[in-house]
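> Structure for the following, please:
(one chain, ligands or ions: 2)
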Amino acid sequence: MPGEKKHSKKREAILAKIRSMKTHPSAITVYEELRKEIPDLSLGTVYRNLALFREEGKVASVGVVNGQERFDGNTTEHTHFVCTHCGDVMDIDAPLDAHLKEDVASRYGIAVHSHRLTFFGACARCVRS
Ligand SMILES: [Zn+2]
Ligand SMILES: [Zn+2]
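Ligands and ions are numbered 1, 2, ... in the order given. As a prediction, the model looks like this:
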């Protein structure tokens, strides 16, 4: 079906775009970026596909920042900093404590597969202003 083909092309474009962006964009930002290349793209399509990618583990959710869910094309475990003033989300080069997972797992008798660490505050630009 030609419609199907077009559909999967958009899907691929959305995934490629989110993976190329280091800004941990919201669906709206991905949509605004991609609309330049795909004029008939709808925001709903971007929302739907990002939710699907998240379920499939192809993208990660950084959480909701200023009312918008933010996505990460990098699904490996890493630490984030969220500026609660301007909404910037950046990767922080701070290794996660490997023992913390084991500690929590043994203390609660649970299996821990991953954990996330996010710092919140004001980014360097917002601190200065
Ligand atoms: Zn900021
Ligand atoms: Zn990240």
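> Tell me which helix or strand in the protein has the weakest average pLDDT.
helix 2-20 (a mean of 87; mean pLDDT, DSSP states H and E).
> contact partners of that helix?
For helix 2-20, contacts defined as C-beta atoms under 8 Å, 6 or more residues apart in numbering pick out 25, 30, 33-34, 37-38, 41, 45-46, 49-50, 53, 58-59, 71, 73-74. All C-beta spots, glycine's among them, are computed from the backbone N, C-alpha and C.
> low-scoring stretches of the protein, by residue?
1-4 (pLDDT under 70).
> 90 instead?
1-7, 77, 94-101, 113-117, 129 (pLDDT under 90).
> So which bits of it are right by ligand 1?
Those residues of the chain that sit near ligand 1, judged by C-beta under 5 Å from the ion, are 83, 85-86, 88, 123, 126.
> The residue nearest the centre of the chain is in what secondary structure piece?
Centroid-nearest residue in the chain, with C-alpha atoms, centre = their mean: F71, separated by 1.7 Å. Under the criterion of DSSP states H and E, F71 resides in strand 68-72.
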